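Asks: task: produce atomic coordinates for the following.
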Amino acid sequence: MGNALELKRLGQVEAYSRWAREFGPVFKVWLGSRPVVVVADAAAGKKINLRNPTRHPLLQPMTYSKFGRVAGKGLFVVGATDQEAHRELKSIWLKVFNSASLSGFVDEMALGADVLCAKIQRAATDAVAIDVWRALGAMTMDVVAKCAFGLDLNTQRNEGTEADERAEAKAKAAGLSPGSSPKASTAAAATVAAARAAALSCSSSSSSSSDDDDEVDPASSSSEERDLLARSMLSSARTIFATGSTSSIYGLLAMALPEISRPVLKLFGTLFPGKVLRDLEAARATMFETSLALTRAARARVEGGSGGGVSSKGSGPRGVAKGAFPELFITASRSNGSGTGESASPSPYDDVTIASQCQTFLLAGYETTATTLAFCVHWLAAHPAAAAKLAKELDDAASRGAEEEEEATTTSAAENLDEAAEAATASTSVAGIGASRVARLPYLDAVLKEVLRLTPAAPITLRVAAQDQAVSVASSSSSPTSSKKDGGEKTSTKTLVIPKGTWIHVDSFHISRDPLVWGPDALQFRPERWLEQKSSSSALQTWAFGDGSLACVGRRLAEWESKLTLAALFRRFEFSLEGAGKEKQGEQLELECRLTLGPKAGVRVMATARKEGEERKAEDKPSLAKKLSSGLFGSSKALPAAA
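Replies: Below you'll find the predicted structure:
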């Protein structure tokens, strides 16, 4: 088994950090019969990420069952097998994250944050604790579904209601949700397409695929069916991210046995899956078939002349229309990957490949942003002084924004209703602060970077050595609490050669907490370090998004959504940890690394509305209707009266 059992017992993050302290910044572990080189040195880790353009495949239990195909051909998976295909797919993905596209998504992010605040306000009023990790997951699922696919899930509004409980029961009965009976889950794995069609059916649909009369557009489903879809998607996503490589016996066996035994493992995994694999199959099937339905509905729109994928006008970068993510791949050409539909060349991507991209977007957009935001709430709740400093920055920004807006609107006028609406969208606000201003707030940016440093949702980057490569690492004889700044350490450099084809893990978690890089306060939550930082050293960076050609493609979306949500939360509420009172409770957050790093028991906090909240509401930006009726955009004579 190699080190597999130790990794299962300690957890990968804790094990790697412990071994890095014991054996040095570069060491080898054994995943059964396979050696893996772990690099926990900042300079060497950055070079590894930049020099090696492919990652090794995940040893997920899902691989060893008949439904392993639903891991599919998504961007992350392709990055492990085909560098050229990854490059072509990434060029299309990037269009979703340019400035023009993101500006069209801001209103959905702001709406998601507002609904979340309403839920937290109810908890604050009732003086009960709330698991913000769970609540944030519902928010991010809503946002990614709407921005990428135009799908109104209303997950936040429904979660915990009677309608949600009914949807959960139906999802389990249909085999569309983890926790179903063994018979239902087996049926879901075998005939999930039919079950999915039943879940999404509606009385009338004009978006059916030409070659599948049973397939419907999820965006057109009735309210009850939408609740079922939302519940099954959310519970399925949670199950997928709660299942790691060692969660099932098949993951452990895959490490221990040679690759030649994989077909036998797959056979046994199909015949005797066990609860973990059975639940994972149901979860993956639900997400994949939902993605396939979205893809087929999008293809029907394109073939009917109502799709295309781009929305912005002018000579600048063109943004992706809200809900048009699948169309980008349907209309892409292999020659230029334009995604505009202007090329005569047919798209090289079939429905399964496109559905894999949709599934990847849903899962990645849901999990990592929700987890990062939950970590932010935890760290700030554990450090009230930092939270107060952030709240003051937000209040000051809102005050400055109100003054600047009043001055600007007295000197310019919108000529018609369309221009006024467009201007209002461009200046979407969160808790009274313009979205573009939120993105530039320095202390908010520092808070997010510090949280990503201490608790990155993706703590390890995976690579395969593209060629024999030498890495030089510095070793020190100093104590773990000393730093180079202290001048009391003795350093030496050694060079190691990593053979071509070797699996490599860059331990971003350890690097981001290394006292040799960050100083003796490396384990402390101190956002100010990012404002004081003067060095341009590559080590002093946010490692959470990776580096090189395999860096997180959705980084900008994640940062925007995180900042807008934090602005909404910390301008309206003060948070404290449930059962707070222990010193350094923030540093003792129990973590668990499965598919990603997350809080083992959630993040439960008590929320209190800020005392001056009511006074601040009057300063918030007025609604579009109020702006139009009051002539705030200019002369009221130029605009029709608001209804």
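
Asks: quick one: what helix or strand has Val37 in it?
Replies: Under the criterion of DSSP states H and E, Val37 resides in strand 34-39.

Asks: quick check: next helix or strand after that strand?
Replies: With DSSP H and E, the next secondary element past strand 34-39 is helix 42-51.

Asks: before we move on, the earlier item: tell me the angle of the strand holding Val37 relative to helix 42-51?
Replies: 120 degrees (axes from the mean of the first three to the mean of the last three CA atoms, to 10 degrees).

Asks: shaky segments in the stretch 201-350 of the chain?
Replies: 201-223, 245-247, 254-262, 307-317, 334-345 (pLDDT under 70).

Asks: now Arg556: closest residue in space, sequence neighbours ignored.
Replies: Phe97 (4.8 Å; CB to CB, 6 or more residues apart in numbering). No exception for glycine: its C-beta is placed from N, CA and C like everyone else's.

Asks: give the contact list for that neighbour.
Replies: By CB atoms under 8 Å, 6 or more residues apart in numbering, Phe97 lies in contact with Val553, Gly554, Arg555, Arg556, Leu557.

Asks: so which residues of the stretch 51-200 of the chain form helices?
Replies: With helices called from DSSP state H, counting those that start in this stretch, the stretch 51-200 of the chain shows them at 75-78, 83-93, 99-126, 132-149, 155-158, 162-173, 182-200.

Asks: now do the longest one, average pLDDT.
Replies: If I follow you right, that is helix 99-126. Confidence over helix 99-126 (mean pLDDT, whole number) is 92.

Asks: the second one now?
Replies: Mean pLDDT, computed over helix 83-93, is 88.

Asks: distance of Ala388 relative to Val603?
Replies: Counting by CB to CB, to the nearest Å, the gap from Ala388 to Val603 is 19 Å.

Asks: check Glu561 too.
Replies: Counting by CB to CB, the gap from Glu561 to Val603 is 17 Å.

Asks: more crowded one of these two?
Replies: Taking other CB atoms under 10 Å, Glu561 and Val603 do not tie; Glu561 has more neighbours (29 against 26).

Asks: list the contacts for that one?
Replies: Contacts of Glu561 (CB under 8 Å, 6+ apart): Met109, Gly112, Thr140, Val143, Thr369.

Asks: how about these in CSV, adding distance to Pro348 and neighbour count?
Replies: Shown next, in CSV, are the contacts of Glu561 (distance: CB to CB, whole Å; neighbours: other CB atoms under 10 Å):
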residue, distance to Pro348, neighbour count
Met109, 32, 26
Gly112, 34, 26
Thr140, 31, 28
Val143, 30, 28
Thr369, 30, 25
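
Asks: just the closest of the contacts of Phe97 to Ser236, please.
Replies: Gly554 (20.0 Å; CB to CB).

Asks: quick check: which element contains Ala558?
Replies: Judged by DSSP H and E, Ala558 forms part of helix 555-572.

Asks: so Leu253 sits against Lys266, correct?
Replies: No - assessed by CB atoms under 8 Å, Leu253 is found out of contact with Lys266, at 11.1 Å.

Asks: so how far is Val96 from Asn158?
Replies: 26 Å.

Asks: the stretch 401-550 of the chain: strands as residue ranges?
Replies: 429-430, 433-434, 460-464, 469-476, 491-498, 503-507 (DSSP state E, counting those that start in this stretch).

Asks: now these as JSON lines including mean neighbour count, distance to Pro346 and mean pLDDT?
Replies: Shown next, in JSON lines, are those (neighbours: other CB atoms under 10 Å; distance: least, CB to CB, whole Å; pLDDT from 0 to 100):
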{"stretch": "strand 429-430", "mean neighbour count": "26", "distance to Pro346": "42", "mean pLDDT": "74"}
{"stretch": "strand 433-434", "mean neighbour count": "25", "distance to Pro346": "43", "mean pLDDT": "84"}
{"stretch": "strand 460-464", "mean neighbour count": "22", "distance to Pro346": "32", "mean pLDDT": "92"}
{"stretch": "strand 469-476", "mean neighbour count": "16", "distance to Pro346": "40", "mean pLDDT": "76"}
{"stretch": "strand 491-498", "mean neighbour count": "12", "distance to Pro346": "42", "mean pLDDT": "81"}
{"stretch": "strand 503-507", "mean neighbour count": "24", "distance to Pro346": "37", "mean pLDDT": "95"}
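
Asks: of those, which is nearest His86?
Replies: strand 460-464 (12.8 Å).

Asks: got the contact list for that closest one?
Replies: 12-13, 16, 45, 48-49, 52, 54-56, 58, 80, 501-509, 546-547, 550.

Asks: got a ChimeraX select line for the buried ones in those?
Replies: Buried residues within the contacts of strand 460-464, by 16 or more other CB atoms under 10 Å, are selected in ChimeraX with:
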select :12,13,16,45,48,49,52,54,55,56,58,80,502,503,504,505,506,507,508,509,546,547,550
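
Asks: skipping its backbone neighbours, what lies nearest Gln359 in space?
Replies: Excluding its sequence neighbours, the residue lying closest to Gln359 (CB to CB, 6+ apart) is Ser291, at 4.2 Å.

Asks: contacting residues for that neighbour?
Replies: Listed by CB under 8 Å, 6+ apart, the contact partners of Ser291 are Ala355, Ser356, Cys358, Gln359, Leu362.

Asks: please repeat the previous calculation with a cut-off of 10 Å.
Replies: Each residue near Ser291 by CB atoms under 10 Å, 6 or more residues apart in numbering is listed here: 70, 72, 74, 149, 218, 233, 326, 351-352, 354-363.

Asks: got the angle for whatever helix or strand it lives in vs helix 132-149?
Replies: Per DSSP H and E: Ser291 is located in helix 274-303. Counting by the same axes, to 10 degrees, helix 274-303 lies at 30 degrees to helix 132-149.

Asks: now helix 274-303: buried residues?
Replies: 276-302.
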